[in-house]
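In: quick one: sequence and predicted model below, then my questions.
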Amino acid sequence: MFDFIRLQLKLKWGLNRNNSKSNAFITSLVALVAIAIVLALVWGLSFVLQTSIAVTAKQLSVLYLTISMIGLTIVATSMQVKRLYRPADLTITSRFPLSPLKTFASALILNYIDLLIYSTILLVPMMLVFGFAMNCISVSYVFGIILGIIFFTVVPFALSIFLAIPIMYLGALLKKHNIISLVLFILFLVGLFVAYYFILNALAQFFIHRNWEIGTLEIWQNLINGLNAYYNPAFYIANIMFFDQFWIGLGATLGIGLVFITIGVLIAKNVYTKIRTKVLDGGEDVYKRFSQIDNLSGSQAILKHTLNEIIHTKTYSYFYLGVAIATPVMVFFCNRLANVVGTAQLGSGVTFGASMIVISVFMAMISSFAATILSIEGKRFYITKIIPVSYRKQLLVKGSVNVMVSLGVLLISSIVLVALQFINLTELAVLVSSQILFSIGLVFNGINLNLANPNLKPKANGEAEEINITFMLIIGLLMAALLGAGGLLLPKILPVVYAYLIIIAAAFIYSIINILIFWFTVDKKYRKINI
């Protein structure tokens, strides 16, 4: 059993994992940027709150520990479902010389180790930055962080054992009704984004105007007071970290964990055995999908196949289609925030530039999935080489779907911007024309990138888990930053007409370069690709 655990850890965390150095570098870079954003938010909010309300370091730490515990519980629950009830490699691991009980215990141990690693990566930098912001760094504080991390994962792990079972069954139910799960994801995404906006807006109001909106301080005070209560497991972790009622905190944490883990394991073991038997007996076959493309032309069949991939592949339906549908709402809140900050820093007349950078960023996020047009085919890629449709035409049809999604989002977002008077009609014409060119350029850039790096290795459940998306997102965000900077600065240093023409020309040049690269290299690159 322990050899199996070591093997699994080596595959996930080992230095010799089956990933290229460039993939590992980009993944690490993205993780570092995400951590840096979180740390900046923690430092800013801590600095502002300690100067504005009556709060101690321990009381305020409970806020961050609570949010982290909720996030880690969600991650833990997802891991429990994936490793215990929906393992992609069950048909392989079932042949190992391990009893079902040992396999079950191994999965629980692996999940706990993973959670411990995740909590270390999250909490160590976060609590250190928090300590500097609150001016409470000391040897005992650092030692308290180490102790806190050791016990922090106990409660999320214990809760995840319980939560994984109903979520697993709910996921199986929603699998037949993917539209419902997509709607729920969009509502969750919008809610999360709105909450994030209000935090950033509060920080912006404080740092720019040195004041808070009416009632904001009272809300923060009530929130922090409410979280510092005995019903909150994060409160006991804070007791451990700050050595305040240490034994109460330690006893409560271990007690909660022991009770939930014991009962949860007894229930989960029976459920695991039933699910394992069902999957091995072929119970999952009912979820296989078959495309209906009879009586369709080649282009129509490819178009329908592409749409089915978007709808039925979770990565696509959630993080591509879901983000695309939610974008107009997020554009509204982003634009409000960008206008507040931009007007304070650069003066009036920045609404066009703010709108340009916001729209460009979301176009980049949506279009980055064009970099998986080939990769998502996986082991079925050989079919694309033998069907009676030219390679160029296949990719043009697939790329047109990405372009249509981007243009649909652009249309709705533009209506929002004009209706709420963020921009006028002239600015709208410039923004729409430049963004149409930009989105087309992004899609062809993604296709060219995928032709250069097809990445056709088999993926679990056909998902688009692929580094090309990250590469394309970085390229898109850099281009979005250039367009946004042009929209902010050029109208201030050049006549407005020239500024607008330069922005449109930049988007046109980016688009035409990628189209030409695609047009003259696609056949040669496609023929070289082998599974």
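Out: Received, thanks. Numbering: from 1, shown residues only.

In: so who does residue 494 touch?
Out: By CB atoms under 8 Å, 6 or more residues apart in numbering, the contact set of residue 494 is residue 502. Backbone N, C-alpha and C define where each C-beta goes, glycine included.

In: state the phi and psi torsions of it.
Out: phi -130, psi 160 (degrees, to the nearest 10).

In: separation between it and residue 500?
Out: Distance of residue 494 to residue 500, given as CB to CB, to the nearest Å: 9 Å.

In: repeat for residue 369
Out: For residue 369, the distance to residue 500 - CB to CB - is 29 Å.

In: what number of residues lie near the residue nearest to residue 80 when sequence neighbours are not counted?
Out: Closest residue to residue 80 apart from its sequence neighbours, by CB to CB, 6 or more residues apart in numbering: residue 164 at 3.6 Å. Other residues lying near residue 164 total 26 when counted by other CB atoms under 10 Å.

In: mind listing what's buried in the strand or helix carrying residue 164?
Out: Element membership for residue 164, per DSSP states H and E: helix 154-175. Buried residues in helix 154-175, defined by neighbour count with 16 or more other CB atoms under 10 Å: 154-165, 167-168.

In: after the lowest-mean-pLDDT helix or strand in the chain, next one along is what?
Out: Using mean pLDDT, DSSP states H and E, helix 90-93 stands out as the lowest-scoring helix or strand of the chain, at a mean of 64. As assigned by DSSP H and E, the chain's next helix or strand after helix 90-93 is helix 100-134.

In: got a list of what residue 115 touches?
Out: 72, 75-76, 79, 153, 156-157.

In: got it, and residue 155?
Out: Contacts of residue 155 (CB under 8 Å, 6+ apart): 69, 73, 233, 253, 256-257, 260.

In: tell me the one of the residues you listed nearest residue 43?
Out: residue 69 (20.1 Å; CB to CB).

In: if we only consider the contacts of residue 155, which is nearest to residue 471?
Out: Closest approach to residue 471 among those (CB to CB): residue 73, at 31.5 Å.

In: and the pLDDT for the nearest residue to that closest one once chain neighbours are set aside?
Out: Of all residues not flanking residue 73 in the chain, residue 156 sits nearest, at 4.2 Å (CB to CB, 6+ apart). Note for residue 156: predicted pLDDT of 90.

In: also residue 177?
Out: Looking at residue 177, its pLDDT is 64.

In: quick one: the helices in the stretch 301-450 of the chain?
Out: In order along the chain, the stretch 301-450 of the chain carries the following helices (DSSP state H, counting those that start in this stretch): 314-316, 323-346, 351-367, 381-386, 391-419, 425-452.

In: what's the closest of those helices to residue 218?
Out: The closest of the helices of the stretch 301-450 of the chain to residue 218 is helix 323-346. By CB to CB, the value is 21.6 Å.

In: test my guess that the residue nearest to residue 80 contacts residue 83.
Out: No: taking contacts as CB atoms under 8 Å, residue 164 lies outside contact range of residue 83: 9.3 Å.

In: give the contact list for residue 252.
Out: So residue 252 contacts 230, 233, 236 (CB under 8 Å, 6+ apart).

In: ok, the last one touching residue 246?
Out: Right, residue 236. No: using CB under 8 Å, residue 236 makes no contact with residue 246, being 9.9 Å away.

In: between those two, who's got more neighbours?
Out: Neighbour totals were compared for residue 236 and residue 246, and residue 236 leads with 26 against 15 (other CB under 10 Å).

In: so where does the more buried one fall, helix or strand?
Out: helix 233-241.

In: hmm, who's touching that helix?
Out: Counting by CB under 8 Å, 6+ apart, 58-59, 61-62, 65-66, 68-69, 127, 141, 144-145, 147-148, 151-152, 155, 227-229, 244-246, 248-250, 252-253, 256 sit against helix 233-241.

In: and it, which residues are buried?
Out: Quick answer for helix 233-241 (16+ other CB under 10 Å): 233-241.

In: and for stretch 48-66?
Out: Of the residues in stretch 48-66, those buried (16+ other CB under 10 Å) are 48-50, 53, 55, 57-66.

In: report the separation between the two terminal residues of that stretch.
Out: Using CA to CA, to the nearest Å, the end-to-end distance of stretch 48-66 comes to 19 Å.

In: before we move on, back to that, adding pLDDT and distance to residue 131, write the buried residues of helix 233-241 out as JSON lines.
Out: Listed next are the buried residues of helix 233-241 as JSON lines, based on pLDDT from 0 to 100; distance: CB to CB, whole Å:
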{"residue": "233", "pLDDT": "90", "distance to residue 131": "21"}
{"residue": "234", "pLDDT": "90", "distance to residue 131": "17"}
{"residue": "235", "pLDDT": "91", "distance to residue 131": "18"}
{"residue": "236", "pLDDT": "91", "distance to residue 131": "19"}
{"residue": "237", "pLDDT": "91", "distance to residue 131": "15"}
{"residue": "238", "pLDDT": "90", "distance to residue 131": "13"}
{"residue": "239", "pLDDT": "92", "distance to residue 131": "17"}
{"residue": "240", "pLDDT": "90", "distance to residue 131": "15"}
{"residue": "241", "pLDDT": "90", "distance to residue 131": "10"}
